[in-house]
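sequence below, structure please.
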Amino acid sequence: MHYVLAFLMGIMQQPDSLELRQQILALHIQELTIDNIHDVGDDYCLVAVTLKPNIKVQVWMPKKGWNGRFLGTGNGGSGGRIITDKLAYGVQRGFATANTDLGTSNGVDEAIHQPARWADFGYRATHLMTEIGKQIVTAYYRRPPHHAYFWGCSTGGQQALMEAQRYPLDYNGIIAGAPANNRTHLHMQLLYNYLVTKGLFPAADFTHLNTLQEAALQKVHKGPVNPRTGEQIYCGVPAGTEKSDGGIGVLSSEVFLYPFRWVFGADYDYSRFDFDKDAAVVDSLLAPVLNATTPDLTRFKNAGGKLIMYTGKDDSLVPACDAMKYYEQVKGREEFFKYFLIPGMCHCSSGIEVERIVQWVEDGIVPDRM
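Numbers count the residues shown, from 1 in each chain. Presented below is the predicted three-dimensional model:
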């Protein structure tokens with residue numbers, strides 16, 4: 001029945017840009033500004049909106065051949081832009097597809113000492129993208145999507161798990177790749193790696209390591225621990241993966257240290273970070289809004305949701321060990337949650353096609369391998 005309705009919708013007259021604008025405004029969505037509506041040739045209609053204070057969302061909708069489904073897609077790193085290749089990926093497969101910049105397009109440091117912006121980044125932008133995206137799709141096709149899916153990797157994987165935990169009715173099926181869901185502790189590991197390797201690896205040459213370089217890599221492989229309790233903060237980087245793309249060059253970079261500026265200020269001296277006391281401060285402020293580590297997915301499961309998670313065995317940026325730990329904590333996972341550890345795969349270098357989750361949700365075809 002869904003497919004018949006989707007076909008009928010495909011032959012109905014879709015609204016022009018002016019009519020669609022009026023329909024979106026008639027939804028009376030508070031604090032929404034329409035930035036752009038236009039047809040991109042005969043391929044798709046693009047709608048771009050901004051939600052206060054600065055959450056940008058785009059929805060791309062196929063003009064022909066809509067499959068009746070909504071696809072939310074994830075971002076990466078600190079966000080900061082609409083990922084158009086994710087939108088194109090969905091549209092090419094017939095999905096009405098949405099993406100958000102997570103509210104950081106004006107610069108990630110706008111969130112310094114701004115708890116509301118932390119929440120935008122952590123979960124609010126993705127949920128609003130989903131709610132408003134579905135409303136825009138419904139206005140365009142004159143019928144709501146019959147199923148909704150989410151697909152993302154890295155930060156997108158964190159977005160995926162956050163949706164399953166906080167908003168279990170948003171999506172029927174979710175794919176979470178290399179999830180940065182234990183966000184605060186992952187960034188503590190990245191800070192630790194930065195401090196340990198800073199200035200020691202001017203070039204990625206691992207053939208002749210000196211004593212200091214070897215000692216630094218041993219620390220990176222072990223990972224950060226709380227100096228008072230000895231508790232492991234986050235698992236270490238798998239040995240050998242520092243040679244891969246996103247390896248030592250990322251480990252020695254400040255690019256992922258923005259959460260510490262959010263909490264301690266723009267001019268924060270990273271070398272002052274106390275992995276006991278300061279770690280507790282970061283967790284107290286950021287973990288409630290950034291971390292998607294709740295293992296209770298009962299509401300998502302009871303709603304019929306299906307979840308696929310995967311990580312690369314050679315991922316140096318978001319090591320697989322933490323995702324494996326999360327998977328083991330989820331009760332009843334065998335019925336609705338599948339996890340794949342992919343040999344030889346680096347960080348988000350490949351993944352699972354969205355059709356796999358569609359087949360599981362709609363046809364009962366359980367994924368048993370990549």
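
from now on I want contacts and neighbour counts done on CA atoms only, so please keep to that.
Will do.

low-scoring stretches of the stretch 151-300 of the chain, by residue?
203-206, 244-252 (pLDDT under 70).

now do the stretch 1-150 of the chain
1-12.

show me where it has helices.
With helices called from DSSP state H, counting those that start in this stretch, the stretch 1-150 of the chain shows them at 2-11, 17-25, 84-92, 115-119, 125-141.

for the residue lying closest to residue 44 once chain neighbours are set aside, list the residues it contacts.
Once flanking residues are discounted, residue 44 sits nearest to residue 62: 4.2 Å by CA to CA, 6 or more residues apart in numbering. Residues in contact with residue 62 (CA atoms under 8 Å, 6 or more residues apart in numbering) are 43, 44, 45, 91, 94, 95, 96.

just to revisit the earlier point, closest to residue 344 out of the helices of the stretch 1-150 of the chain?
Closest to residue 344 of those is helix 84-92 (CA to CA; 23.5 Å).

residues of that closest one that come out buried?
86, 87, 88, 90, 91, 92 (16 or more other CA atoms under 10 Å).

show me which of those residues is closest to residue 50.
residue 87 (16.9 Å).

and the closest one, what does it touch?
Per CA under 8 Å, 6+ apart, neighbours of residue 87: 59, 60, 73, 97, 98, 99.

does residue 348 touch residue 176 like I think?
No. Residue 348 is not in contact with residue 176 according to CA atoms under 8 Å; the separation is 10.5 Å.

mind listing the shared neighbours of the two?
With CA under 8 Å, 6+ apart as the test, residue 348 and residue 176 both reach residue 153.

quick revisit: which of the buried residues of helix 84-92 sits closest to residue 335?
Closest to residue 335, out of all of the buried residues of helix 84-92 and judged by CA to CA, is residue 90, at 26.9 Å.

what number of residues lie near the nearest residue in space to the closest one that is not next to it in sequence?
With sequence-adjacent residues excluded and distances taken as CA to CA, 6+ apart, residue 90 is closest to residue 97, at 5.6 Å. Residue 97 has 31 neighbours, counted by other CA atoms under 10 Å.

and residue 97, bridged to which residues?
residue 60, residue 71 (DSSP bridges).

wait, what's in contact with it?
59, 60, 61, 70, 71, 72, 73, 87, 90, 91 are the contacts of residue 97 under CA under 8 Å, 6+ apart.

mind running it again at 10 Å?
46, 58-62, 69-73, 86-91, 130, 133-134, 137, 148-150 (CA atoms under 10 Å, 6 or more residues apart in numbering).

what is the nearest of the buried residues of helix 84-92 to residue 118?
For the buried residues of helix 84-92, the nearest to residue 118 is residue 86 (23.5 Å; CA to CA).

that closest one contacts residue 93, correct?
No. Residue 86 is beyond contact range of residue 93, at 11.1 Å (criterion: CA atoms under 10 Å).

wait, a helix at residue 310?
No. Residue 310 sits outside any helix when classified using DSSP: H, G, I helix; E, B strand; the rest coil, being strand.

surely it touches residue 353?
No. Assessed by CA under 10 Å, residue 310 is found out of contact with residue 353, at 11.6 Å.

who's more crowded, those two?
Between residue 310 and residue 353, residue 310 has the larger neighbour count (other CA under 10 Å), namely 24 against 11.

mind checking how far that one is from residue 235?
17 Å (CA to CA, to the nearest Å).

do the same with residue 298
Taken as CA to CA, the span from residue 298 to residue 235 is 27 Å.

who has more neighbours, the two?
Applying other CA under 10 Å to residue 298 and residue 235 shows that residue 235 carries more neighbours, namely 20 against 17.

can you tell me the closest non-neighbouring residue to the more buried one?
Closest to residue 235 by CA to CA, 6+ apart is residue 223, at 5.3 Å.

ok, now which ones touch the nearest residue to residue 276 once chain neighbours are set aside?
In space, residue 276 comes closest to residue 226 once its chain neighbours are excluded; the distance is 5.4 Å by CA to CA, 6+ apart. Residue 226 sits next to 232, 233, 234, 274, 275, 276, 277, 279 when contact means CA under 10 Å, 6+ apart.

report the beta-bridge partners for residue 50.
Beta-bridge partners of residue 50, as defined by DSSP bridges: residue 33, residue 56.

any idea which element the residue nearest the centre of the chain lies in?
With distances taken as CA atoms, centre = their mean, residue 156 lies nearest the centre of the chain, 1.3 Å away. Residue 156 is part of helix 155-166, with elements assigned from DSSP states H and E.
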